[in-house]
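Student: What follows is a predicted protein model with its sequence.
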Amino acid sequence: MPLALQGVLLSLAFTSGIGGAGAAPAGHAYLVMPFENTAEDPSLEWLSTGLALSLGEYLAGLGAQVVDEDERAVLLEGNGIPPGAQFTLASALEMGRKMRARPGTTRPDRLVLGRFNVTGGDLTLSTRSLEIAEEKARPWIARQGRLKNLVEVQNALALALAKGDGLPINESRSEILARQAGDLPLLAFEHYCRAMAEPDAKKRLQLLRRAAQEFPGYPKAGYQAAALLVKAERWDEASEMLAKVAAEPHPYEAGFYLLTAAIALQKRDPEAAAGAARKALERADTARGHALLGRALAARGDREAARGELQKAVTIDASEPEIDDLRRALAEASRPARRNP
């Protein structure tokens, strides 16, 4: 497999598109900290990072930029802070300023703190948004419900936070989020959250498979599992996993179609690759999307259109590794065919 494609797939597997899913920023960039476990129940520790992940996905689905899990983990580890630690206002703002100063990362203007408590099956979730540069803290927002309805309660909390921060919320997005909360079993959500906090790729894949077993067709679990399988060059398994996904994995729609296009190219199906790349570009105009579409067009023999996609990709981001594969494909297509002596 070409080295450039390896780089693309590594990125697809571990930078899950949470930085806004390729959409235009909604005016804010967020650093969502792990939630504090005020119940002090060790069996619920997975909620600390799980709620932060889910809230970040919600905000990204509304078009905001979000510091991804890996960047946040590096920040916390570098400062000796365990996940779920309690933050004072001053210490939280200091973490926000440090993240803003890190080179080559999302520069958040908002930091989100959260905490949760469970008593006798009753759940309370609370969160607040801090404006980092202005050193201004918004009031705490809380939502209550039963633990078994965790996703529904979390979505209600996220919606209140988003409205308070002025993020755009249209009817279609609200419907997607309502469906996301509707039928998802708590155990499937737990496996997904545990998976995304697991640094070991093999264990992460096992947990994602378990999430998909608990909730067949689980979009986000299927997408993330397929990304890991592609990274391991297990193309057929990745294709099968994507085929089982019941709906577009919000907010990873663009990444889902980019992954689909990459698999189709590997399977020498340029028509399917072109279709998937175009769907990705409908959701986010990215250099990777244009480069993958260009490769599909070159494989179909449409070199002129492929060159057009190459130019679009270079204009958006000349450092996109997939561009090198497209250039090679065009160079090979332009070589005269060898004649047998």
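Tutor: Cool, got the structure. Numbering: from 1, shown residues only.
Student: any idea of the mean pLDDT for stretch 158-167?
Tutor: Averaged across stretch 158-167, the pLDDT comes to 89.
Student: burial count for Tyr223?
Tutor: Other residues near Tyr223 come to 24 when the count uses other C-beta atoms under 10 Å. Yep, even glycine has a C-beta here, placed from its N, CA and C like the rest.
Student: and the residue lying closest to it once chain neighbours are set aside, what does it touch?
Tutor: Of all residues not flanking Tyr223 in the chain, Pro249 sits nearest, at 4.1 Å (C-beta to C-beta, 6 or more residues apart in numbering). By C-beta atoms under 8 Å, 6 or more residues apart in numbering, Pro249 lies in contact with Pro219, Lys220, Gly222, Tyr223, Gly255, Phe256.
Student: Among those, name the ones in helices.
Tutor: Assigned to helices by DSSP state H, the following of these qualify: Pro219, Lys220, Gly222, Tyr223, Gly255, Phe256.
Student: Can I get these in JSON lines including distance to Arg300 and pLDDT?
Tutor: Putting the ones in helices among the contacts of Pro249 into JSON lines (distance: C-beta to C-beta, whole Å; pLDDT from 0 to 100) gives the following:
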{"residue": "Pro219", "distance to Arg300": "29", "pLDDT": "93"}
{"residue": "Lys220", "distance to Arg300": "32", "pLDDT": "94"}
{"residue": "Gly222", "distance to Arg300": "28", "pLDDT": "96"}
{"residue": "Tyr223", "distance to Arg300": "26", "pLDDT": "97"}
{"residue": "Gly255", "distance to Arg300": "24", "pLDDT": "95"}
{"residue": "Phe256", "distance to Arg300": "22", "pLDDT": "96"}
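Student: Got a PyMOL select line for the buried ones in these?
Tutor: Selection of buried members from these for PyMOL, criterion 16 or more other C-beta atoms under 10 Å:
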select buried, resi 219+220+222+223+255+256
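Student: Need the ones in helices among the contacts of Pro249 in JSON lines (columns: distance to Leu159).
Tutor: Formatted as JSON lines, those follow (distance: C-beta to C-beta, whole Å):
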{"residue": "Pro219", "distance to Leu159": "20"}
{"residue": "Lys220", "distance to Leu159": "18"}
{"residue": "Gly222", "distance to Leu159": "25"}
{"residue": "Tyr223", "distance to Leu159": "23"}
{"residue": "Gly255", "distance to Leu159": "23"}
{"residue": "Phe256", "distance to Leu159": "23"}
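Student: between the ones in helices among the contacts of Pro249, which is closest to Leu113?
Tutor: Leu113 has its nearest neighbour among the ones in helices among the contacts of Pro249 in Lys220, at 24.1 Å by C-beta to C-beta.
Student: what pLDDT does the closest residue in space to that closest one that isn't next to it in sequence get?
Tutor: Using C-beta to C-beta, 6+ apart and skipping residues adjacent in sequence, the residue nearest Lys220 is Pro249, 4.5 Å away. Looking at Pro249, its pLDDT reads 91.
Student: Asn117: which of the contacts of Pro249 is nearest?
Tutor: Lys220 (25.9 Å).
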